[in-house]
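Enquirer: here is the input, now give the coordinates:
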Amino acid sequence: MLVRVDDVSAPGDRLTIAAIAITAYLCSGAMHEAAGHGLAAILVGLHPTRVSTVDLEVSFFQVPPWKVRLVAAAGCGANLVLAGLAMLAGSWAAGRSAATRYFFWLLATINILIPGGYLMVMTFAGIGDWGDFVGGLDQPLIWKTGLTLLGVGISLYGLRWGVRHLEPFLGGPRSRRRAWSLTLIPYLAGSVTDTLAGVLNPTSPWLILISAAAASFGGTSWLLWIGGLAARRQLPLPAPQNLLVRDNRWLAAGAISIVIFFFVLGPGVPR
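Expert: Model (predicted):
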C-alpha cells in the first residue's frame, strides 16, 4: 500500500526505511574494512588476503608498530570520511526524493557514531582497532583517556547533528511516531543484518558474531537517543516532499545489499 504524499500523519514506509538502512550499513562496513583497513594496509606494503564486512585478514608478522597503528586507525578514519561525503551529498540532494535524502542523513549519522563508539568503548577495553593502536605506546593511560574523550566528543556531535538534520522529516500529528520509525527501524534492520552476516565469516563465527554485534548494535545505538530526543521536539507540519513513501528503487537496493551481505562480504572475499 502506498502512503499519500499529502498525508502528514503518515509515519513513513517501513520497508523502504529498512531497505535504506541495510544499504547504509553495508556501505559503512565495506568502507571501514575495505577502504579503511584494506587500503591502508596496501599503501604501507602489506598484503591483505581476505576482507569481509567485519574484518580484514592481514599478517602483521615483523611489521613495524607504526604500520599496525596506521592500519588500525584507518577503519574509523574511513568512516568519518564517508560521513563527510554523505553530508555533502545530502546538501546536493536537496531536490531529490525524501528517501534519497534520508539515505544520506542515515549514512552520515551512523558513520559518525561508529568511530565515536569504537573510540569511546574499545580503547580502555584494549580490544579491537584501538586496542591495537594503543598497544606498545608510552604512557598508555594518557592515550586511552585522550582517545576515549575524543570518542565521546565525536558521539555527542553525531547525536546533535543527527537530531538537527532529522527534523525536516518530522512534524505533524505523528511526529513522535515518525521519529521512532526513522531511527528504531534502521537500527534494528541494519544491526540484525550485519550481525547475522558476521556469523558466516569463516575465521571464527562466534568471535565475529561478537565483533559484528558490537560494531552494529553497540556502535550505532545512539540512533535510539536521536529518536528519543527528536520525538520530544515540537515541530511544524512537514512539507509533503519530506515524507518517506514506498520507493521500489530503494527496495531493490536493499535486496541487492542483502545478497552482498550474506553471499559476498559476509563470508569474505576472496575465499
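
Enquirer: what is the burial count for C27?
Expert: Per other CB atoms under 10 Å, the neighbour tally for C27 reads 19. (Each C-beta comes from the backbone N, C-alpha and C, glycine too.)

Enquirer: hang on, it packs against L107?
Expert: Yes - the pair C27 / L107 is scored as a contact, 6.3 Å apart, by CB atoms under 8 Å.

Enquirer: shared neighbours, these two?
Expert: Common neighbours of C27 and L107, using CB atoms under 8 Å, 6 or more residues apart in numbering, are L82.

Enquirer: hmm, G38 is touching T49, no?
Expert: No - the pair G38 / T49 is not scored as a contact, 10.6 Å apart, by CB under 8 Å.

Enquirer: so for those two, which sits in the more crowded spot?
Expert: Counted by other CB under 10 Å, G38 and T49 do not tie: G38 has more neighbours, with 23 against 12.

Enquirer: roughly how far does the residue lying closest to V121 once chain neighbours are set aside sit from M120?
Expert: Spatial nearest neighbour of V121, excluding adjacent residues (CB to CB, 6 or more residues apart in numbering): G218 at 6.7 Å. Distance of G218 to M120, given as CB to CB, to the nearest Å: 10 Å.

Enquirer: of those two, which one has the most company?
Expert: More crowded of G218 and M120, by other CB under 10 Å: M120, with 24 against 17.

Enquirer: check the secondary structure at the more buried one for me.
Expert: helix (DSSP: H, G, I helix; E, B strand; the rest coil).

Enquirer: now do the contacts for the residue lying closest to it once chain neighbours are set aside.
Expert: Nearest residue to M120, sequence neighbours excluded (CB to CB, 6+ apart): G151, at 3.2 Å. G151 is in contact with 115-121, 123, counting by CB under 8 Å, 6+ apart.

Enquirer: can you name the next helix or strand after whichever strand or helix holds G151?
Expert: Using DSSP states H and E, G151 sits in helix 140-166. Next helix or strand after helix 140-166 toward the C-terminus (DSSP H and E): helix 175-198.

Enquirer: can you give me the buried ones in that following helix?
Expert: Buried residues in helix 175-198, counted by 16 or more other CB atoms under 10 Å: 175-183, 185-187, 189-198.

Enquirer: ditto for stretch 121-131
Expert: 121-124, 128-130.
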